[in-house]
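Student: generate a structure from the sequence data that follows.
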Amino acid sequence: MENALRYADEHQDRFTRELEELLRIPSISTDPEYADDVQQAANWLAAHLRSIGLSGVEVCETDGHPIVYGEDLRAGEEAPTVLVYGHYDVQPPDPLELWDSPPFEPTRRNGEGSEEAIYARGACDDKGQMFMHVKAAESYLAEERDLPVNLKFLVEGEEERGSVHLAPFIEEHRDRLDADVVLISDTGMFAEGVPSITYGLRGLTYVEVTLTGPGRDLHSGLFGGAVENPANALAHLIANLHDEDHRVTVEGFYDDVRPLTDEERRTFRGLPFDEADWREEISLKQAKTEEGYGVLEAVGARPTLDVNGLTSGYQGEGAKTVLPAKASAKISCRLVPDQTPGDIADKLERHFAANVPETMHLEFERLHGGQPALIDTDSPAMQAAADAMEGVYGRRPFFTREGGTIPVVADFQNLLGLDTVLMGFGLESDAIHSPNEHFGLGRFREGVESIIRFHERYAERQ
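Tutor: As a prediction, this is how the structure comes out:
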């Protein structure tokens, strides 16, 4: 391990330059116009995995974008096997005018603190964090010639569009993907210099609700007052989705929610969290949480229902006195154990169907979803991750729950019977999915070192 750590330290500048090469490829999976770029990123990554000495490297085609696979199994049958998951696709960079530098021309400059950071779309989510695992493997293979664990890479190109073809691929390649644990860096640390390991993720239900009234847009002067406005009707429905305690009013929404334990609530209270700083960071006047729960509990471990987008009527410059024919809303629910995406979608549909005005036609479309996940913090892999991060940061990491959704974590549990270690190094301030996304070069280095240490510690604990 010491040789691998030394190699990583000596080659850190080159590691960063290579990451910049990958970041220049606009692998936007949600836009068909970038399909060739997504393919280019897959080919680039596969070539790089071969160059560091992995075997069995393959660009596996799917009905969507390809999956890149590679492995090193020389540690032998007595050693544990780690399956590394990541994704090489990125979110669209819009709005471009809010970027201080072009999103696919990586730029190094100081971030909000004193740390130098690399600015580019995908710098943190997830090219930068995924690439840490590649460089950790290279550090072992270049210096030690062997890894202390068997290592498999599974890197997809569709995470930002819902990992549509990943679960079928996992199911089809169960034997090939056989492992002891999954290791993912697609999450964040609690704060800069405060290491943490995510043991819980929320799930997701995402739907679109559309109300249609008249058969076409109408003149609001000629018809207003006799025709119910779909935008008004939808606004009324949305306004009644929460009560005064900010609890969701959909019948049965909380039926399967697993309560937080006393220990979990003590852990949340013990985290170094300053609500005033948090509100200032996002320019928020006042937090609004479900009655009885603090901010960290609300964003990490309680279910939610939020409108993500509203569309209706005239939205151009100036005035147009139109009574719109339809109004639609995109709605997401973040789920916690033991809620399921299908059950919550069913309850939402029943709720809207029961409350839609007689003057309206309801359309309810299920867009996508993901299962919530909880990981045992006492497992050998989780404790090995804690050992590894403690070796880098000089302090034991916190175990935290995160509000986001990584559907593949539940897929690995359900399809392969594998738990996942979520050892991420991002920060909320890294602006993932937003203009000026960036990743601190210090955290890139610390991530590589932590992963090197994880492989050694996990092999020792098995």
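Student: now do the contacts for the residue nearest to residue 393 when sequence neighbours are not counted.
Tutor: Closest residue in space to residue 393, ignoring its immediate chain neighbours: residue 195 at 4.6 Å, by CB to CB, 6 or more residues apart in numbering. (C-beta placed from N, C-alpha, C; glycine too.) Contact analysis of residue 195 by CB atoms under 8 Å, 6 or more residues apart in numbering lists 189, 389, 390, 392, 393, 395, 397, 398.
Student: and if we set it to 10 Å?
Tutor: Residues in contact with residue 195 (CB atoms under 10 Å, 6 or more residues apart in numbering) are 189, 385-386, 388-390, 392-398, 423-425, 446, 450.
Student: now residue 259
Tutor: 265, 301, 336.
Student: how much space between it and residue 303?
Tutor: 12 Å (CB to CB, to the nearest Å).
Student: overlap of the contact sets of these two?
Tutor: residue 336.
Student: what sits against the closest residue to residue 39 other than its chain neighbours?
Tutor: With CB to CB, 6+ apart as the criterion, residue 39 has its nearest non-adjacent residue at 6.7 Å, and that residue is residue 66. For residue 66, the contact set (CB under 10 Å, 6+ apart) comprises 38-39, 41-43, 45-46, 58-60, 88, 155-158, 165, 169.
Student: quick one, which of these are buried?
Tutor: Among the contacts of residue 66, those classed as buried by 16 or more other CB atoms under 10 Å are 38-39, 41-42, 45-46, 60, 88, 155-158, 165, 169.
Student: among those, which lie within helices?
Tutor: 38, 39, 41, 42, 45, 46, 169 (DSSP state H).
Student: columns distance to residue 211 and pLDDT on top of the buried ones among the contacts of residue 66, output as CSV?
Tutor: Converted to CSV, those look like this (distance: CB to CB, whole Å; pLDDT from 0 to 100):
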residue, distance to residue 211, pLDDT
38, 36, 98
39, 40, 98
41, 40, 98
42, 41, 98
45, 45, 98
46, 47, 98
60, 43, 98
88, 39, 98
155, 41, 98
156, 36, 98
157, 36, 98
158, 31, 96
165, 33, 95
169, 38, 97
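Student: can you name the next helix or strand after the helix or strand of the chain with the lowest mean pLDDT?
Tutor: For the chain, scoring each helix and strand by mean pLDDT, DSSP states H and E identifies helix 407-411 as the least confident one, at a mean of 88. Using DSSP states H and E, the helix or strand that follows helix 407-411 in sequence is strand 420-422.
Student: for the very next helix or strand once past that next one, packing partners?
Tutor: The C-terminal neighbour of strand 420-422 among helices and strands, as given by DSSP H and E, is strand 438-440. Where contact means 3 or more CB pairs under 10 Å, 6 or more residues apart in numbering; DSSP states H and E, strand 438-440 is packed against strand 107-110, strand 116-119, helix 127-143, helix 441-461.
Student: what lines up beside strand 438-440 in the sheet?
Tutor: Strand 438-440 sits in its sheet next to strand 116-119 (antiparallel), going by DSSP bridges.
Student: export the partner strand as CSV, just CAs?
Tutor: Taking C-alpha atoms only, strand 116-119 is exported to CSV below (Å, rounded to 0.1, in the frame of the first residue of the first chain):
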residue,chain,number,x,y,z
GLU,A,116,-7.7,24.9,-6.2
ALA,A,117,-10.5,23.3,-8.1
ILE,A,118,-11.2,22.0,-11.6
TYR,A,119,-14.2,23.6,-13.2
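Student: any buried residues in it, and which?
Tutor: Neighbour-count burial for strand 116-119 [16+ other CB under 10 Å]: 117, 118, 119.
Student: can you lay out those as TSV showing pLDDT?
Tutor: What follows is the buried residues of strand 116-119, written out as TSV (pLDDT from 0 to 100):
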residue	pLDDT
117	97
118	98
119	98
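Student: out of these, who's nearest residue 17?
Tutor: Closest approach between those and residue 17, by CB to CB: residue 118, at 10.3 Å.
Student: who's the closest one bridged to?
Tutor: residue 108, residue 439.
Student: check contacts around it.
Tutor: If you count contacts by CB under 10 Å, 6+ apart, residue 118 has them with 16, 19-20, 23, 106-109, 111, 124, 128, 437-441, 444.
Student: how about the helices in the chain?
Tutor: Going by DSSP H, the chain shows helices at 2-10, 12-23, 35-51, 127-143, 166-172, 220-223, 230-239, 262-270, 275-281, 295-301, 341-355, 380-393, 407-411, 441-461.
Student: nearest to residue 202, out of these?
Tutor: Judging the helices of the chain by CB to CB, what sits closest to residue 202 is helix 295-301, at 7.6 Å.
Student: give the buried residues for that closest one.
Tutor: 296, 297, 298, 299, 300, 301.
Student: that helix: how far from the chain's middle?
Tutor: From the chain centre to the centre of helix 295-301 is a distance of 16 Å (CA atoms, centre = their mean, to the nearest Å).
Student: who are the packing partners of that helix?
Tutor: Other elements packing on helix 295-301 under the criterion 3+ CB pairs under 10 Å, 6+ apart are strand 196-201, helix 262-270, helix 275-281, strand 326-335, strand 398-402.
Student: doesn't residue 252 make contact with residue 303?
Tutor: No - at 11.8 Å, residue 303 and residue 252 do not qualify as touching, with contact defined as CB atoms under 10 Å.
Student: need the overlap of contacts for the two.
Tutor: Common neighbours of residue 303 and residue 252 (CB under 10 Å, 6+ apart) are residue 344.
Student: and these two? which has more neighbours close in?
Tutor: For residue 303 versus residue 252, the count of surrounding residues by other CB atoms under 10 Å is larger for residue 303: 22 against 12.
Student: follow-up on the earlier one: just the buried ones among the contacts of residue 66 now: which is nearest residue 247?
Tutor: residue 158 (34.6 Å).
Student: restricting to C-alpha, output the least confident helix or strand of the chain in PDB.
Tutor: Provided in PDB are the C-alpha atoms of helix 407-411 (Å, rounded to 0.1, in the frame of the first residue of the first chain):
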ATOM      1  CA  PRO A 407     -31.200   3.700  -8.100                       C
ATOM      2  CA  VAL A 408     -28.400   1.200  -8.800                       C
ATOM      3  CA  VAL A 409     -27.700   0.800  -5.100                       C
ATOM      4  CA  ALA A 410     -31.100  -0.900  -4.700                       C
ATOM      5  CA  ASP A 411     -30.500  -2.800  -8.000                       C
END
